[in-house]
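Colleague: starting from these lines, generate the structure:
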Amino acid sequence: MQDVMRKAQELAEAIAESNIYQNMKKLENELMEDEAAAGAVQKLAMKRQEVEDLLGRKDMDPNELMRLNQEMVQAEKEMNSFEKVKTLKEARKEFTDMMDNVNRILRLVITGEIREDDVKGGCSGDCSSCSGCS
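Modeller: Sure thing, here's the model as predicted:
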């Protein structure tokens with residue numbers, strides 16, 4: 001069991017040291033330092049919370065839900081107008097793709113199985129034909 005935990009820690013460290021993760025964290029920090037972009041992200045989060053709170057109420061007003069939904073859509077458009085947000089979304093997708101590939105490889109090695117969505121995702125588990133993980 002210790003060996004498994006040690007290897008898991010090594011994998012986590014390799015992921016944290018990867019260019020993909022480091023770039024994503026750098027972009028997150030840059031976005032949070034930009035008051036306008038960070039404010040737009042926060043505004044969207046607040047609108048989403050308002051919608052969730054309203055949906056959780058028994059006496060929900062459909063008109064209020066429609067209004068809040070429109071405000072949330074507008075807040076999302078505003079947030080997406082920032083180049084830093086777009087760049088961060090791309091970096092997060094790249095990180096998610098890397099983690100999906102890691103999980104596919106783990107599943108393949110452990111179970112010997114390749115699911116249909118694994119093949120569609122482009123990872124066969126044979127790293128020699130892939131440049132995506134390095």
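Colleague: for the longest helix along the chain, the averaged confidence score.
Modeller: Longest helix of the chain, by residue count under DSSP state H: helix 83-111. Helix 83-111 shows a mean pLDDT of 96.
Colleague: give me the buried positions along that helix.
Modeller: Within helix 83-111, the residues that count as buried by 16 or more other C-beta atoms under 10 Å are 84-85, 88, 91, 94-95, 97-98, 100-101, 104-105, 108. C-beta here means a position set from N, CA and C on the backbone, and glycine is covered the same way.
Colleague: and it, how far out from the chain's middle?
Modeller: Computed by C-alpha atoms, centre = their mean, to the nearest Å, the chain-centroid distance of helix 83-111 equals 8 Å.
Colleague: please apply the same query to stretch 22-36.
Modeller: For stretch 22-36, the separation from the chain centroid amounts to 14 Å (computed by C-alpha atoms, centre = their mean).
Colleague: same question, stretch 95-113
Modeller: Per C-alpha atoms, centre = their mean, the centroid offset for stretch 95-113 relative to its chain is 17 Å.
Colleague: the spatially most central residue of the chain and A36, how far apart?
Modeller: Within the chain, the residue whose C-alpha comes closest to the C-alpha centroid is R92; the distance, by C-alpha atoms, centre = their mean, is 4.9 Å. Remark: distance between R92 and A36 (C-beta to C-beta, to the nearest Å) = 20 Å.
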